[in-house]
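Student: Predicted model and sequence below, questions to follow.
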Amino acid sequence: MTRIMHRNLRHTPPVAVSASGIRITDSAGNSYIDASGGAAVSSLGHAHPAVLDAIRSQLDKVAYAHTSFFTTEVAEELAERLGRNAPGGDSEVYLVSGGSEAIETALKFARQYYLETGQPQRARFVARRQSYHGNTLCALGVGGNEWRRKPFAPLLPEVIRVSACYEYRGRSETQTRDQYTAMLLRELEAAILQAGPSHVIGFVAEPVVGATGGAIPPTPGYFRGVRALCDKYGILFIADEVMCGMGRCGTMYAIEQDGVEPDIVTVAKGLGAGYQPVGAVIVKRALVEQLRLRSGVFQHGHTYTGHPVAAAAALAVQKVLEQQDLLAQVQARGAYLQRALREALASHEFVGDVRGRGLLAGVELVEDRATRRPFPPSRKLHAAIKARALENGLMVYPMGGTIDGESGDHVLLAPPFIATEADLDEIVSRLVDAIDAAVCEPAGA
Ligand code: PLP
């Protein structure tokens, strides 16, 4: 009997014993293709020698030094790189240990910014339905994943909620894309006005919606409209790139492709690529300057903030991305994966939509293509696909509740950037087999 409280308290997962490239092997000798990068984490694949070397050599220098006493060269170098090339321009960096911590940090920074700049009444965030920003209480609060929120609802902060930019479900047949986008922006503006613009701190969104929606990219112009509204009402735009950032979508930050500069960006997953638990909050320098001029402190901190070994791993990942020109590879392989998925699934009886950006891809399942009717939630199709895929040596990231937290199923793919075209063909082929097997199962099997 295990002493670990596993995610499913009634089930102990297989024991991973080795991992290399895009594959993980368990103690029974089964090998799995990691087509979801765990949860969109493992961008360089497993056991990359340059990252392992960087971690080892940092351990030999300084394994840990508390940031209330010291900084470290490695953390400084990482911050310099991230801050210099930030999508919001010249920025400063706060290093943390993961995505939820990054979001909590971003929310607190934004609140303190307004507190110190003479607008203490700004106390609420606007965020979207069908989003995920993490599992700690404030991150869960801004997130719009109803299933995850429900049990903890009484503990969560009140958030102003607007629609997701989810064209497949949200745009009516009579609307053009531009009309749909304009409708969403009108809704956002109305929500800000109703709350009172001077009471809003920030708008939080994933540029490409990850686990909750299944790789949903925005419509063209959506984020430009968001930026314009944030500027109009003095609201900060916080781009949550924990999943879609760090090259996953073919540019270092997904939001670059929307031509928009956020005020604050959160990253994690691909930052450490699984080699270390690490995240970062990247804040426009002009905002940090305001705090520097006033209180001189950001009232925050964790024991492992700026951990040197985590920073060493993240810095090595950054260097590998650059040296191996992996962003260009993500663009090429991302286009290849989208094409392969469309060829294999676009006319599949139970596939309603294939979407994504770069190597973040989503497949939405429907029981009826014409009406886009989802499978009944009780059928748990997503769980059946995950199980069938695993039996066939494939790790994918399916989820239910795609549409509203209850109904809808999708599969998220986030293969490592080093996956070859042959690997991607194999992934698509095994995924089609898993979907075919899962839809044939009797309900409740
Ligand atoms: N934000 C987004 C967009 C995410 O996808 C996630 C995790 O999936 C988080 C935040 C939370 O990150 P973590 O699980 O590292 O706390």
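Tutor: Looks like it came in fine.

Student: just so I have it, where are all the helices in the stretch 151-300 of the chain?
Tutor: For the stretch 151-300 of the chain, the helices defined by DSSP state H, counting those that start in this stretch cover 167-170, 177-195, 222-233, 269-272, 285-293.

Student: got the end-to-end distance for stretch 341-354?
Tutor: 7 Å (Cα to Cα, to the nearest Å).

Student: Could you list the buried residues of that stretch?
Tutor: Residues of stretch 341-354 classed as buried by neighbour count (16 or more other Cβ atoms under 10 Å): Leu341, Ala344, Leu345, His348, Phe350, Val351, Gly352, Asp353, Val354. Where you see a C-beta, it was placed from the backbone N, CA and C, and this is true even at glycine.

Student: which residues are contacting it?
Tutor: 168, 338, 361-367, 369, 372, 375, 413, 428-429, 431-432, 435, 439 (Cβ atoms under 8 Å, 6 or more residues apart in numbering).

Student: Tell me which of the helices of the stretch 151-300 of the chain is the most buried.
Tutor: helix 269-272 (a mean of 29; mean count of other Cβ atoms under 10 Å).

Student: Could you say whether Val126 sits in a helix, a strand or coil?
Tutor: strand (DSSP: H, G, I helix; E, B strand; the rest coil).

Student: what sits opposite it in the beta ladder?
Tutor: Note on Val126: beta-bridge partners by DSSP bridges are Ile160, Phe203.

Student: For it, which residues are in contact?
Tutor: 159-162, 188, 191-192, 195, 200, 202-204, 235.

Student: now, the most widely separated pair of those?
Tutor: Arg161 and Ile235 (15.2 Å; Cβ to Cβ).

Student: How far off centre is stretch 311-331?
Tutor: 18 Å (Cα atoms, centre = their mean, to the nearest Å).

Student: cool, and stretch 434-445?
Tutor: 28 Å.

Student: quick one: pLDDT of Ala445?
Tutor: Looking at Ala445, its pLDDT reads 58.

Student: Save the contacts of Val126 as CSV, and put in distance to Leu321 and pLDDT too.
Tutor: Listed next are the contacts of Val126 as CSV, based on distance: Cβ to Cβ, whole Å; pLDDT from 0 to 100:
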residue, distance to Leu321, pLDDT
Val159, 34, 98
Ile160, 36, 98
Arg161, 35, 98
Val162, 33, 98
Leu188, 33, 98
Ala191, 37, 98
Ile192, 37, 98
Ala195, 39, 98
Val200, 35, 98
Gly202, 28, 98
Phe203, 29, 98
Val204, 26, 98
Ile235, 32, 98
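
Student: nearest to the ligand, of these?
Tutor: Val204 (9.5 Å; Cβ to the nearest ligand atom).

Student: My read is that that closest one contacts Gly134, right?
Tutor: No. Applying Cβ atoms under 8 Å as the test, Val204 and Gly134 come out as separate, 10.7 Å apart.

Student: Next, show the common contact partners of those two.
Tutor: Joint contacts of Val204 and Gly134 (Cβ under 8 Å, 6+ apart) are Ile103.

Student: Which of these two has more residues huddled nearby?
Tutor: Val204 (27 against 24; other Cβ atoms under 10 Å).

Student: residue contacts, the residue of the chain found nearest the ligand?
Tutor: Closest residue of the chain to the ligand, Cβ to the nearest ligand atom: Gly99 (2.1 Å). Contacts for Gly99 were tallied using Cβ under 8 Å, 6+ apart; they are His133, Gly134, Ala139, Val242, Met243, Thr266, Ala268, Lys269, Gly279.

Student: out of those residues, which touch the ligand?
Tutor: His133, Gly134, Val242, Met243, Ala268 (Cβ under 6 Å from any ligand atom).

Student: interface residues of the stretch 151-300 of the chain facing the ligand?
Tutor: So far as Cβ under 6 Å from any ligand atom goes, the stretch 151-300 of the chain lies against the ligand at Glu206, Gly210, Ala211, Asp240, Val242, Met243, Ala268.

Student: Now the closest residue to the second one other than its chain neighbours. Its backbone dihedrals?
Tutor: Translated: Gly210. Among residues not flanking Gly210 along the chain, Met243 sits closest, at 3.6 Å (Cβ to Cβ, 6 or more residues apart in numbering). As for Met243, its main-chain torsions (degrees, to the nearest 10) stand at phi -100, psi -40.

Student: Met243: how many residues sit nearby?
Tutor: 30.

Student: so it touches Ala40, yeah?
Tutor: Yes. Shown here, Met243 and Ala40 form a contact pair, counting by Cβ under 8 Å, at 4.8 Å.

Student: how is this protein carved up into domains?
Tutor: 16-47+325-439, 51-323 (automatic domain parsing).

Student: could you dump those domains to JSON lines with distance to Arg7?
Tutor: Shown next, in JSON lines, are these (distance: least, Cβ to Cβ, whole Å):
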{"stretch": "domain 16-47+325-439", "distance to Arg7": "12"}
{"stretch": "domain 51-323", "distance to Arg7": "11"}
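
Student: Out of those, which is closest to Arg3?
Tutor: domain 16-47+325-439 (17.5 Å).

Student: so where is the stretch 301-445 of the chain shaky, pLDDT-wise?
Tutor: Applying pLDDT under 70 to the stretch 301-445 of the chain flags the ranges 444-445.

Student: Right, I'll call it a day here.
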